[in-house]
Each structure stands twice: as structure tokens, then as C-alpha cells.
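A.B. asks: Prediction below, plus the sequence it came from.
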Amino acid sequence: MNPDLLSANVSMAFLAIVAIAMLAHLSQIGGRHRLLHALYAATAAGLVYLFGGKALGWSFLPREALLAFYGGLFVIVAGLAILRRGKDRDIPWTGLLVEQAAMAYIFAPLAFWKPPLSALLLLYFLMELFSWLKGREEAVAEGESKDHRPPLFPPNRVRGVREFAAAAAAAALVYVFAMGTGRAPVAPGQDEQGRSEQPAETATNAESPAPTDSETADAPAASAGEPEPAETAQAPAPATAPPVPPAETPSESYAAKAGDTLKSIARKLYGKANKLAALSAANPGVKPAARLKAGQVIKLPEPPLARP
């Protein structure tokens, strides 16, 4: 299977999982830990947009705005952790700080992505994933000691909506840093080095130099200095065949319109999206879900069924 197509399918699966996790956190906002679930929902919303950009080509929010949003959330969480120190002990302030910092890091410019930092975040969220799947320890009733349970009996673990939704976000972050260690997710319209993609230009005329004046002057004139036979003046001119019009060749390229993707082009020109793999193979430098610029030349693996 095409690696880009596989990546798009995995991103679509994570998009659905994180969207369900976001709805689960939003359903808990009216409860006691409304702040905690609001922050988890904000993280899930950013991941939904990130995977939507990979799978569906979403690009309606600038990365700079998302960087500022999650950077601001990090500052707010840090301030709340200081103000409520010792009060809300059941809120994982450290985990929330790392999570908001990771989201800001994801949407930071490409130059800020460093392999060691990405690897550390990968390890952290891998441990957080197993921690949430293990469940949190059941809260001890007021006035009851934690030592009331015999040593051979482990504490009861709680696995509810909060735990599974947080585990889904942690799994998504593990995937992001595992697949993007050392490089940021590519923004629509950019390559992996952060440079803007430019449409391919055909400049065949620039490669073939025009003939010089000396070359044209050296061309001998026809029959110059040679006597012309007498019969030639009365001989009829030979009949020349009419010029044959050049045969039409099938279109092998397509000038993209603004917002096109390889998937939409496959559906438009071939009537179905199963030509996406062949179209991606013919254009190895273009990601299937990346939105194309107006005029960007896309190579076609075979003549289209419908005229663009």
C-alpha cells in the first residue's frame, strides 16, 4: 500500500478516536472537575484539527494562531497550579502542563523541532498512556486510612470515561511524536523543510539557444550561381501533399485549482478515488491530502475519463 495513503488512513482513524474523546470530556464539563475536562477537551480539539489536516487537508486555521492558543493555555495552567497549590490535589497539574506544552510544540515552526525533545515527549506520553489504561486508584473515603487494606490485596482501580478519553489523547500524541520525531507535521503548501511548494515550470525554450546571425548568414541560397536548365522554366510545379494536422495526444498533466488535492483530482478526472494510489505514485513529492496551489502541475498516470 502507498505509504502516504496508509498515513492518511491512520490519521482518519485517530481523528475519529480523538473526536469521541473530545465529546466525552465535553460531557463532563458540568461536573466537579470542569476545568480539568475543559483542558483535556482543548487538547483533543487540537489533535482533531491536526489529524484532519493530514487526512482531509484542513488548513483553515494558521499554525501561528494555534501556537499562541496553546502557549496561552500553558501560561494559564501554570498560574492556576501556583494559585491552587495544595488545594486541588486530585488534579494532575504536571501532566496538564506537559500536555499544553506538547501541543504548543506540535504547532511551533519547523526550526523548533529537535529529535531529543521529540523523543522525550514520546516516552512521556507512552508512560501516560499505560498509566491511564491501568486506571487511577479509587479515592479513599474521608477518615479512612490507605493502610486498611492487607498487603496482598492491590488497591481498586477506576477506569471510566475520563481515563479512556485521556488514554485516547495520549495514544494520539504517542503516534504524532513517533511518526514525527525530528520533523514537524508538514503544513499544507509546504515541504518537509518548511519551503513553499512551487508549481513545476516547463522552460524548454530557455534550454535551446536561438541561432546566431552568423549561422543564418552562412546558409547558402538555393541554386545560387548555378545555371538553370531551359526545361525547368516550362516544367509544371510538383504537387505537394496537404499538411497533415497533428494528432491529438491525450492530456498527461493537469493544472490544479486552488484547494485541489490528489484525492479530489482522482475523483474529478477518473470518476472514483481508487486511482489515488497511481496518482500518488506519479507525483511522489505531493502528499495525497495536501491542498494544491492554483496552477500547480500534476502528472496523470493515464488519460482522464473526463475533461478537466
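C.D. replies: Here it is on my side, so go on. What you are looking at is a predicted structure, and each value in this text was computed from that prediction instead of being measured. Numbers count the residues shown, from 1 in each chain.
A.B. asks: Helices of this structure, residue ranges please.
C.D. replies: Residue ranges of the helices in the chain, as given by DSSP state H, are 3-27, 34-56, 63-83, 93-106, 115-134, 161-179, 204-207, 213-218, 230-234, 262-270, 276-282.
A.B. asks: low-confidence ranges in the stretch 51-200 of the chain?
C.D. replies: 86, 136-158, 181-200 (pLDDT under 70).
A.B. asks: and if you look at the stretch 201-308 of the chain?
C.D. replies: In the predicted model, the stretch 201-308 of the chain carries pLDDT under 70 at residues 201-251, 272-273, 306-308.
A.B. asks: give me that answer again for 50
C.D. replies: Within the stretch 201-308 of the chain, the segments meeting pLDDT under 50 span 201-208, 214, 216-217, 219-227, 229-233, 246-250.
A.B. asks: can you pull the contacts of the residue lying closest to A167 once chain neighbours are set aside?
C.D. replies: The shortest distance from A167 to any non-neighbouring residue, by CB to CB, 6 or more residues apart in numbering, is to W132 (3.8 Å). Every C-beta, even on glycine, is put in place using the N, C-alpha and C of the backbone. Contacts for W132 were tallied using CB atoms under 8 Å, 6 or more residues apart in numbering; they are 163-164, 166-167, 170.
A.B. asks: okay, the helices of the chain in CSV with distance to V297 next?
C.D. replies: What follows is those, written out as CSV (distance: least, CB to CB, whole Å):
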stretch, distance to V297
helix 3-27, 19
helix 34-56, 23
helix 63-83, 26
helix 93-106, 32
helix 115-134, 34
helix 161-179, 29
helix 204-207, 14
helix 213-218, 34
helix 230-234, 53
helix 262-270, 12
helix 276-282, 11
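A.B. asks: For K293, find the nearest of those helices.
C.D. replies: helix 262-270 (13.2 Å; CB to CB).
A.B. asks: circling back: now, among the contacts of W132, which is nearest to L110?
C.D. replies: Comparing those against L110 with CB to CB places A170 closest, at 24.2 Å.
A.B. asks: Which of the contacts of W132 ranks first by neighbour count?
C.D. replies: With neighbours taken as other CB atoms under 10 Å, the top of the contacts of W132 is A166, carrying 27 neighbours.
A.B. asks: right, and that one touches L39 too?
C.D. replies: No - here A166 does not reach L39: they are 10.7 Å apart, not a contact under CB atoms under 8 Å.
A.B. asks: shared neighbours of those two, anything?
C.D. replies: Common contacts of A166 and L39 (CB under 8 Å, 6+ apart): none found.
A.B. asks: Tell me which of the helices of the chain approaches Q296 most closely.
C.D. replies: In terms of CB to CB, the element of these nearest to Q296 is helix 262-270, at 10.5 Å.
A.B. asks: Can you give me the buried ones in that closest one?
C.D. replies: Using 16 or more other CB atoms under 10 Å as the test for burial, helix 262-270 gives 262-266, 268-270.
A.B. asks: What of stretch 115-123?
C.D. replies: 118, 121-122.
A.B. asks: Enumerate the positions of stretch 99-106 that are buried.
C.D. replies: Within stretch 99-106, the residues scored as buried using 16+ other CB under 10 Å are 99-106.
A.B. asks: roughly how far apart are P288 and Y105?
C.D. replies: 26 Å (CB to CB, to the nearest Å).
A.B. asks: again with R159
C.D. replies: Going from R159 to Y105 by CB to CB gives 29 Å.
A.B. asks: same thing with K275?
C.D. replies: Distance from K275 to Y105, by CB to CB: 37 Å.
A.B. asks: How about E302?
C.D. replies: In terms of CB to CB, E302 sits 43 Å off from Y105.
A.B. asks: do F177 as well
C.D. replies: F177 sits at a distance of 9 Å from Y105 (criterion: CB to CB).
A.B. asks: anything in contact with each of these two?
C.D. replies: Common contacts of F177 and Y105, defined by CB under 8 Å, 6+ apart, comprise L121.
A.B. asks: JSON lines for the buried residues of stretch 99-106, including distance to A13?
C.D. replies: Below are those laid out as JSON lines (distance: CB to CB, whole Å):
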{"residue": "E99", "distance to A13": "21"}
{"residue": "Q100", "distance to A13": "25"}
{"residue": "A101", "distance to A13": "26"}
{"residue": "A102", "distance to A13": "21"}
{"residue": "M103", "distance to A13": "20"}
{"residue": "A104", "distance to A13": "25"}
{"residue": "Y105", "distance to A13": "23"}
{"residue": "I106", "distance to A13": "19"}
